[in-house]
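>>> below is the sequence, then the predicted model.
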Amino acid sequence: MKAPEIDDSKMSEVMELIEKAASVMEENQDLEDPAVKRELKGLQRELREITGNKKLKISKFQKYWSYTSLETAAKMALRLPPQKCDVTDEQIKNIVETVFSESYIKNNANIEADMDYWLEFLKVNTGLENLSDYIFYPDLVGMERSSSLEQIADRIIADKNNSKPL
């Protein structure tokens with residue numbers, strides 16, 4: 001499975017909107033000020049129109065620089081959120097073993113945006129709220145810290161099959 005493609009022609013415009021919104025939020029102490037709210041609402045409307053994501057919240061990018069680059073934030077904005085689908089256990093296993101493998105991480109320029117997408121995809125399609133714990137902190141879900149990706153995928157599948165949907 002491949003993450004949905006990103007329309008690179010929209011990158012600079014999305015980056016500009018995110019940067020402007022982040023600056024407005026950083027420079028204004030009172031985000032409830034009517035003028036500030038109006039400006040942010042306008043930026044959010046523009047961002048939603050460009051990305052096609054009607055649920056995207058501009059506030060998500062308030063301090064994007066504390067956890068990612070502007071380019072990655074724009075890529076995340078441009079990628080529509082994953083939808084629930086009939087994903088098989090084999091597909092789940094393939095996603096975990098591929099996307100989170102060392103070789104994939106080393107050879108993928110969009111790794112942060114891809115990981116963000118696939119973590120959300122797996123969360124939506126497994127019903128497991130703490131999905132990132134399985135991948136990055138398996139000891140928090142009762143596994144060994146050194147668990148292999150295959151073991152992690154098997155545990156995600158087992159827990160998905162034993163959990164209630166979101």
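Sure thing, it's come through. Residues are numbered from 1 along each chain as shown.
>>> now the most centrally placed residue in the chain: which helix or strand?
A centroid search over the chain (C-alpha atoms, centre = their mean) returns Asp116, at 3.1 Å, as the residue closest to the centre. Asp116 is part of helix 111-126 when elements are defined by DSSP states H and E.
>>> mind listing what's buried in that helix?
Neighbour counts over helix 111-126 (16 or more other C-beta atoms under 10 Å) mark 112-126 as buried. (Each C-beta comes from the backbone N, C-alpha and C, glycine too.)
>>> domain-wise, how is the chain divided?
Residue ranges for the domains of the chain, per automatic domain parsing: 8-78, 89-162.
>>> helices or strands up against the lowest-mean-pLDDT helix or strand in the chain?
Lowest by mean pLDDT, DSSP states H and E among the helices and strands of the chain is helix 102-106, with a mean of 81. Using 3 or more C-beta pairs under 8 Å, 6 or more residues apart in numbering; DSSP states H and E as the contact test, no helix or strand touches helix 102-106.
>>> ok so, going back, does the residue nearest to the centre of the chain touch Ala73 like I think?
No - counting by C-beta atoms under 8 Å, no contact exists between Asp116 and Ala73, whose distance comes to 10.0 Å.
>>> which one of the buried residues of helix 111-126 sits closest to Pro82?
Comparing the buried residues of helix 111-126 against Pro82 with C-beta to C-beta places Phe121 closest, at 3.8 Å.
>>> out of the domains of the chain, nearest to Lys2?
Closest approach to Lys2 among the domains of the chain (C-beta to C-beta): domain 89-162, 9.1 Å.
>>> how long is that closest one end to end?
13 Å (C-alpha to C-alpha, to the nearest Å).
>>> in stretch 28-40, which residues are buried?
36, 39-40.
>>> out of those, which sit inside strands?
With strands defined by DSSP state E, no entry of those lies inside them.
>>> what is the nearest of those to Val14?
Of the buried residues of stretch 28-40, the one sitting nearest to Val14 (C-beta to C-beta) turns out to be Leu40, at 15.6 Å.
>>> dump the residue contacts of that closest one.
21, 24-25, 31, 58-59 (C-beta atoms under 8 Å, 6 or more residues apart in numbering).
>>> at 7 Å what do you get?
21, 24, 58 (C-beta atoms under 7 Å, 6 or more residues apart in numbering).
>>> tell me where this protein has helices.
Applying DSSP state H to the chain gives helices spanning 11-27, 34-51, 70-78, 89-99, 102-106, 111-126, 131-136, 149-162.
>>> for Lys63, which of the ones you listed is the nearest?
Lys63 sits nearest to helix 11-27 of all the helices of the chain, at 7.1 Å, using C-beta to C-beta.
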